[in-house]
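In: what follows is a predicted protein model with its sequence.
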Amino acid sequence: MPEGDSIFRAAARLNEALAGQVITASDFRVPRFATLNLAGWTMTEVVPRGKHLLMRLVGPVDEEPGASRKPRALTIHSHLKMEGNWMIYQPGGRWTKPGHTARCILRTAVADAVGFSLGILEVVPTAEEEKIVGHLGPDLLGPDWDEEEALRRLLAEPDVPVGYALLDQRKLAGIGNIYRCDSCFLSGVHPALPVGQVPDLAKIVRDAKRLLGENLGPGRRSTLGPRAMRPGYWVYGRTRQPCRRCGTPVQHDVLAAPDGTEERDIYFCPRCQPAP
Ligand SMILES: [Zn+2]
């Protein structure tokens, strides 16, 4: 699952390349939209919302007599899930990923954007975007970030393990496994602790937001802060390596969803983050 900062960066790159550009050819390689042709439409902006990417377009004005002069507005909604990626190429440029994994191709005079292995790809009227992303909790990287509301949503189910609640995009949007694990570590909280028992939940949320914010630029992702000697993580992916604070080997385990339907990897220091 991608972190919100990957989506934020992808949206920024796509927006810089495509905003204001007219689509000269489009190709949707999913059955539902295989016949959709957005040639002549203008990309107005590309915005991230949690882990969702929204490309907004306005249609050409219909010249038919009697037709409405109001511009039509559509949104290409995509979600990268595990493997997805949007790449930008020179017009007609050679792709760097296998062609059979391309799901959406948008050509303009200045750049081609190709979405590979997208987990979700659909086109909806812009007016209906809320149906897609309206369920999301406050976006940690969004202009409308609301910490109080995020805490309220997290604490509405106090028995859910904090490590699970932080990934629930309906409570707050943007945290993936890396920032989930490392923000729990920074507070000395085991991911299995019920969220209602976390001594300072606001600190965990603020740390996750700070870590996302520190990783919006180019360069390798890191949770160790801008002054670290080299990029890296506190505990994520560091099974059996020494804890950076106490030297105890970092442990790997799985944390099941409260309803037992899914399990996700967790990493923690058994000394700094005692099991509940
Ligand atoms: Zn430790």
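Out: In hand now; what should we look at?

In: quick one: residues contacting the residue nearest the centre of the chain.
Out: Centre of the chain computed as the mean C-alpha position; nearest residue by CA atoms, centre = their mean is residue 51, 2.4 Å away. By CB atoms under 8 Å, 6 or more residues apart in numbering, the contact set of residue 51 is 1-2, 4, 7, 79-80, 169, 173-174, 176. For glycine as for every other residue, the C-beta is placed from the backbone atoms N, C-alpha and C.

In: all strands of the stretch 101-250 of the chain, in order?
Out: 102-107, 112-116, 120-125 (DSSP state E, counting those that start in this stretch).

In: outside of the second one, which residues touch it?
Out: I take that to be strand 112-116. 14, 17-18, 78, 83-93, 95, 97-98, 101-106, 121.

In: ditto for stretch 192-210
Out: 140-141, 145, 147, 150-151, 154-155, 157-163, 165-166, 172, 174-175, 179-180, 182-184, 186-187, 189, 255, 266, 275-276.

In: repeat the analysis, applying 7 Å as the threshold.
Out: For stretch 192-210, contacts defined as CB atoms under 7 Å, 6 or more residues apart in numbering pick out 140, 147, 150-151, 154-155, 158-163, 165-166, 172, 175, 179, 183-184, 186-187, 189, 255, 275-276.

In: please list only the buried members of these.
Out: The neighbour count (16 or more other CB atoms under 10 Å) marks 140, 150-151, 154, 160-163, 165-166, 172, 175, 179, 183-184, 186-187, 189, 255 as buried among these.

In: picking that back up, can you tell me which of the contacts of stretch 192-210 end up in helices?
Out: 147, 150-151, 154-155, 162-163, 165, 179, 183-184, 186 (DSSP state H).

In: let me know the closest of those residues to residue 43.
Out: Closest approach between the ones in helices among the contacts of stretch 192-210 and residue 43, by CB to CB: residue 179, at 29.8 Å.

In: tell me how many other residues crowd the nearest residue to residue 178 once chain neighbours are set aside.
Out: Leaving aside its sequence neighbours, residue 178 sits nearest to residue 236 (CB to CB, 6 or more residues apart in numbering; 4.6 Å). Residue 236: 23 surrounding residues under other CB atoms under 10 Å.

In: circling back: distance of the residue nearest to the centre of the chain from residue 184?
Out: Applying CB to CB, to the nearest Å, the value for residue 51 to residue 184 is 19 Å.

In: next: residue 142.
Out: Counting by CB to CB, the gap from residue 142 to residue 184 is 22 Å.
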